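# coords below, sequence missing:
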């Protein structure tokens, strides 16, 4: 049986050859760590994933969650692995050891997380959500709030959530109706209803700390009047001990297409008038605080998408090597010819190469963001830190949307590789496909992310951030041109980047004109084009590293791997980028027909 979660050789290639994770060990912050320690951590993460998380994926999906009188119950098979997950400290890998983390570089933590997310998406949310809650409190909370909550959240003694969505206020967060009334003791009485709350209630931890958006009485309408509150499920006393229940109740769990083991909850706050919350940060500045958790969550979604895509691709690749069916195309007329594994059939080869291209590109994209965050948070050069932060901000809506879209599409192609067997529950890809779909809906739909990219991100710092992004790609183009076999791809990359820049300028100008609605009607296709360019960049970068390696001394077992990097880039440049050019023409046309059509013409 081949690898089923993530390709260890490819992870090592990205960590140590595309990026210099080993070099991080020389940093004072990571004293005592080295490549041997990093590899040991990754081995342990992979072992835990294979032994503890992968075996319960299907069982958790089939049992699902259930709402009983005393709250939500998770699948029974989740309990022991969750306890061991917490015991092994897999929750807050980049936080300091004093705060309950492992103090790892972001690149290494990303690699470990890929193993821990890929085998069981539904499970991952329970320990994962609390980190974002803890980070917001660490950044914006009072000293007392930090002392009470942060370490308990980072160690997963307590879980966390993000409560934004309401029945009449989805993406339009400013329309929320949850209220906060100040009390004499400095707390607030919270009243309202929230829906679609991921892991909003469960029985895995002794407490759940909710980050709740609400409007203080008399505050301005819209997002300008929204504040953020810390609302524990069980009240927390000043000494850290638990008190009485805090009038936070799950009123229902959603019956979903996938991630059946993850509780998606409707929540009532203050239905008995006894829900107590504490202001986090300044009044009416809740969205600024919440964006930290939302952006962390968007990046987490890109990782979840990669994890699912990687697993689906590897399942399909393993199946294609083992499934014997049909004669080789060269022997189709030879009735005596033996049947061959389906990986020898041209169209199966095409599907597998297509999946590999996206999985490889998505992995490098995720790790690039991790590398930027490392430089932003821990770099010694303020100018470089600011530049890296700008790149993360620019690319967050792209990586969230693009990885989610193609994570799902990879699952579709994996099912196609299996044929009819892929559609039945005996094999894993049908669950992976169902689970993957939520990633395009989490933390804002494609349209919401594309509006963010077009309205806010492309023009950041008078376009300086976009120029920095282009320079990153040009650096790889220059590197590829030094590899003789990659020079044609470098030329295609350069032209594609020039076309993207021109399209961004035209779309941006239209967005600021009287035809702004037409621009936003094409914002999602533009984001997908942007993502295609990022994939091409990442694959050309990989191919450049591989070509340089092949120019020196290479272990015989690595020759096929490095050649595979080059062939994968050639495939993407030869089969996907021509389609991207067509998409560019489509957006450039700025067709307004969808906006001009009468609503009655849509039928219904």
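In hand now; what should we look at? Every value quoted in this text rests on a predicted model; they were computed, and no experiment measured them.

# Point out where the stretch 301-450 of the chain drops to low pLDDT.
Within the stretch 301-450 of the chain, no stretch has pLDDT under 70.

# repeat for the stretch 1-150 of the chain
Within the stretch 1-150 of the chain, the segments meeting pLDDT under 70 span 1-2.

# again, only this time at 80
Counting by pLDDT under 80, the ranges of the stretch 1-150 of the chain that qualify are 1-3.

# mind listing the helices in it by residue range?
Taking DSSP state H, counting those that start in this stretch as the test, the helices found in the stretch 1-150 of the chain are 8-12, 35-48, 57-63, 79-87, 106-117, 121-140, 143-154.

# Name the residues of the fourth one that are buried.
Neighbour counts over helix 79-87 (16 or more other C-beta atoms under 10 Å) mark 81-82, 85-86 as buried. Any C-beta I mention is one placed from the backbone N, CA and C, and that applies to glycine too.

# before we move on, back to that, same list, the helices of the stretch 1-150 of the chain, but as JSON lines with distance to residue 187 please.
Below are those laid out as JSON lines (distance: least, C-beta to C-beta, whole Å):
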{"stretch": "helix 8-12", "distance to residue 187": "46"}
{"stretch": "helix 35-48", "distance to residue 187": "40"}
{"stretch": "helix 57-63", "distance to residue 187": "37"}
{"stretch": "helix 79-87", "distance to residue 187": "29"}
{"stretch": "helix 106-117", "distance to residue 187": "35"}
{"stretch": "helix 121-140", "distance to residue 187": "16"}
{"stretch": "helix 143-154", "distance to residue 187": "12"}
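
# Could you point out which of those helices sits nearest residue 599?
With respect to residue 599, and counting by C-beta to C-beta, the nearest of the helices of the stretch 1-150 of the chain is helix 121-140 at 37.7 Å.

# Go ahead and measure how far the closest one is from the middle of the chain.
14 Å (C-alpha atoms, centre = their mean, to the nearest Å).

# could you give the angle of it to helix 106-117?
Helix 121-140 and helix 106-117 are oriented at 140 degrees to each other (axes from the mean of the first three to the mean of the last three C-alpha atoms, to 10 degrees).

# List the buried residues for helix 121-140?
Quick answer for helix 121-140 (16+ other C-beta under 10 Å): 121-138, 140.

# Find the helix or strand that the closest residue in space to residue 486 that isn't next to it in sequence is a member of.
Excluding the flanking residues, the one nearest residue 486 by C-beta to C-beta, 6 or more residues apart in numbering is residue 480, at 4.2 Å. Taking DSSP states H and E as the criterion, residue 480 maps to helix 464-481.

# Kindly report the same for residue 530.
helix 523-550.

# what does residue 309 give?
Under the criterion of DSSP H and E, residue 309 resides in helix 286-322.

# so how far does stretch 227-241 reach from one end to the other?
End-to-end distance for stretch 227-241: 26 Å, by C-alpha to C-alpha, to the nearest Å.

# tell me the mean pLDDT over the strand ranked longest in the chain?
In the chain, with assignment by DSSP state E, the single longest strand is strand 188-198. When pLDDT is averaged along strand 188-198, the result is 96.

# Pairing partners for it, with directions?
Take DSSP bridges as the rule and strand 188-198 pairs in its sheet with strand 179-182 (antiparallel), strand 264-269 (antiparallel), strand 276-279 (antiparallel).

# Those: which one's closest to residue 110?
Between the strands paired with strand 188-198, strand 264-269 lies closest to residue 110; by C-beta to C-beta that is 25.9 Å.

# which residues are contacting that closest one?
If you take C-beta atoms under 8 Å, 6 or more residues apart in numbering as the criterion, strand 264-269 is touched by 72, 163, 178, 190-201, 210, 212, 231, 247-254, 256, 275.

# helix, strand or coil for the residue in the chain sticking out farthest from the centre?
In the chain, counting by C-alpha atoms, centre = their mean, residue 336 sits farthest out from the average C-alpha position, at 49.5 Å. Counting by DSSP: H, G, I helix; E, B strand; the rest coil, the backbone at residue 336 sits in coil.

# Relative to residue 520, how far out is it?
Relative to residue 520, residue 336 is positioned 62 Å away (C-beta to C-beta, to the nearest Å).

# Equivalent analysis for residue 175, please.
Using C-beta to C-beta, we find residue 175 at a distance of 20 Å from residue 520.

# and the angle from the helix or strand following the helix holding residue 480 to helix 523-550?
The helix or strand immediately downstream of helix 464-481 is helix 487-511, counting by DSSP H and E. Angle, helix 487-511 to helix 523-550, by the same axes, to 10 degrees: 160 degrees.

# Please enumerate residues in contact with helix 487-511?
With C-beta under 8 Å, 6+ apart, helix 487-511 has contacts from 454-455, 458-459, 466, 470, 473-474, 476-478, 480-481, 516, 518-520, 522-523, 526, 529-530, 533, 536-537, 540, 543, 569-570, 573, 577, 580-581, 584, 587-588, 590.

# Quick one: mean pLDDT over it.
Helix 487-511 carries an average pLDDT of 96.

# in it, what's buried?
For helix 487-511, the neighbour count (16+ other C-beta under 10 Å) marks 489-490, 492-494, 496-497, 499-501, 503-504, 507-508, 510-511 as buried.

# what's next to the following helix or strand past that helix, contact-wise?
Using DSSP H and E, the helix or strand that follows helix 487-511 in sequence is helix 516-521. By C-beta under 8 Å, 6+ apart, the surrounding residues in contact with helix 516-521 are 450-451, 454-455, 507-508, 510-511, 513, 590-592, 594-595.

# Ends of stretch 277-288, what's the gap?
The first and last residues of stretch 277-288 sit 18 Å apart, counting by C-alpha to C-alpha.

# roughly how far is it from the heart of the chain?
In terms of C-alpha atoms, centre = their mean, the centre of stretch 277-288 is set 26 Å apart from its chain centre.

# With stretch 541-554 instead?
On C-alpha atoms, centre = their mean, the centre of stretch 541-554 falls 29 Å from that of its chain.

# Same question for it: list its buried residues.
For stretch 541-554, the neighbour count (16+ other C-beta under 10 Å) marks 541-547, 549-550 as buried.

# what's residue 209 sitting at in phi/psi?
Main-chain dihedrals, residue 209, degrees, to the nearest 10: phi -100, psi 110.

# now swap in residue 213 and tell me
Here is the backbone geometry of residue 213 (degrees, to the nearest 10): phi -90, psi 130.

# just the one 5 residues further on next, same as before
When read as degrees, to the nearest 10, the backbone of residue 218 gives phi 90, psi 0.

# number of nearby residues for it?
Neighbour count for residue 218, taken as other C-beta atoms under 10 Å: 8.

# for the one 10 residues further on, same thing?
Per other C-beta under 10 Å, the neighbour tally for residue 228 reads 30.

# Alright, calling it a day.
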